[in-house]
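Visitor: compute the structure for the input listed below.
(one chain, ligands or ions: 2)
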Amino acid sequence: MTNAQTTEISEPSPRETIANLIASIVSEPERYALFFDIDGTLLDLAETPDAIKVPEGLTDDLIALSAHLNGALALVTGRALSYADTLFSPHRFPIAGLHGTERRLLDGNIIRAEPTAEFLEVKQRLATLPESFPGVLVEDKGAAVAVHFRQVPELANHVGEAMRVAIAKVGAGYTLQHGKMVLEIRPDNADKGGALEAYLAEPPFAGRIPIAFGDDVTDEAMFKLVNAKGGKSIHIGAPTDSTIARKRLSRPQAVRDMIASIVRKRLY
Ligand SMILES: O=P(O)(O)OC[C@H]1O[C@H](O[C@H]2O[C@H](CO)[C@@H](O)[C@H](O)[C@H]2O)[C@H](O)[C@@H](O)[C@@H]1O
Ligand SMILES: [Mg+2]
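Guide: Ligands and ions are numbered 1, 2, ... in the order given. From the prediction side, this is the model:
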């Protein structure tokens, strides 16, 4: 039977939960480290990798939020680090690219994966895939390669088959990464969880509670680490999406609104 007491101790609504989190980050910034995925989290998804838009004001808001956190804000993306840098240029955020395979260190040096000869050969062959499958798009990311079929979803099975053949040819040291209308071959020696762990071992991130935002399969590794560390994992997407994240925002605009809200509350 429901009574007044059960009502009082009921869980806060998702909106209240996010509002409480915003209030905590505003009032106690020294407690938190924030980690953002890029595509589908900070930025709306687009038809092709190069068609994404960084909304006006987002870079400034991220810079302000980073300053509020004394620098404890990093981007953790499947994009190549060098490409991710261009999105927020000339600012240089701490960034882990290629799903954690590349990472800029505090001193500015970048840890990178060295592609094997086998990988480079396979990448070259994959570049010709659009000749057999028009509409498929091959994204050369240096030490990784992505094959997109967002514009030709009916070719998903053909891309899957081509990528299974390709990964078998590449051999050890690489893995097949699933994503949104994309399959990638990337080094298997790292993931986004490992990137977070590495950041959390360094100042200004060390000793802080991690909060991670992500929308895709690759972000589950960050959520796993964050959940284990008692942090906050926030999935961007529908309530029916399969995720181990414990909180949810519906779309990238909601993430941008949350960032703007922290920044404005801090300024006023
Ligand atoms: O980890 P992320 O920052 O989310 O990067 C994941 C992949 O994002 C990009 O592909 C996705 O976004 C494209 C642009 O919106 C979209 O056209 C594509 O269908 C998505 O899969 C990027 O191109 C990949 O390299 C990233 O791994
Ligand atoms: Mg994403």
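Visitor: all contacts plus neighbour counts: C-alpha atoms, from now on.
Guide: Will do.
Visitor: how many neighbouring residues does Met118 have?
Guide: Not Met; residue 118 is Glu. Neighbour count for Glu118, taken as other Cα atoms under 10 Å: 12.
Visitor: ok, it touching Val170?
Guide: Yes. Taking contacts as Cα atoms under 8 Å, Glu118 lies within contact range of Val170: 5.2 Å.
Visitor: joint contacts of these two?
Guide: Here Glu118 and Val170 share no contacting residue, scored by Cα atoms under 8 Å, 6 or more residues apart in numbering.
Visitor: walking through the chain, point out its helices one by one.
Guide: Using DSSP state H, the helices found in the chain span residues 4-8, 14-27, 58-68, 81-87, 117-126, 129-132, 156-170, 192-200, 220-228, 252-267.
Visitor: so the fifth one versus helix 156-170, what angle?
Guide: Put plainly, it is helix 117-126. Angle between the axes of helix 117-126 and helix 156-170 is 150 degrees (criterion: axes from the mean of the first three to the mean of the last three Cα atoms, to 10 degrees).
Visitor: from the contact counts, what lies against helix 117-126?
Guide: Helix 117-126 sits against helix 156-170, with contacts defined as 3 or more Cα pairs under 8 Å, 6 or more residues apart in numbering; DSSP states H and E.
Visitor: buried residues of the helix it packs on, list them for me.
Guide: Buried residues in helix 156-170, counted by 16 or more other Cα atoms under 10 Å: 156, 159-160, 163, 166-167, 170.
Visitor: cool, stretch 91-108 as well?
Guide: Across stretch 91-108, burial judged by 16+ other Cα under 10 Å covers 93-104.
Visitor: likewise stretch 50-70?
Guide: For stretch 50-70, a neighbour-count test (16+ other Cα under 10 Å) marks 58-59, 61-66, 68-70 as buried.
Visitor: same check on stretch 173-188?
Guide: Neighbour-count burial for stretch 173-188, counted by 16+ other Cα under 10 Å, picks out 174-177, 182-187.
Visitor: try stretch 222-233
Guide: Across stretch 222-233, burial judged by 16+ other Cα under 10 Å covers 222-227, 231-233.
Visitor: I appreciate the help and will end here.
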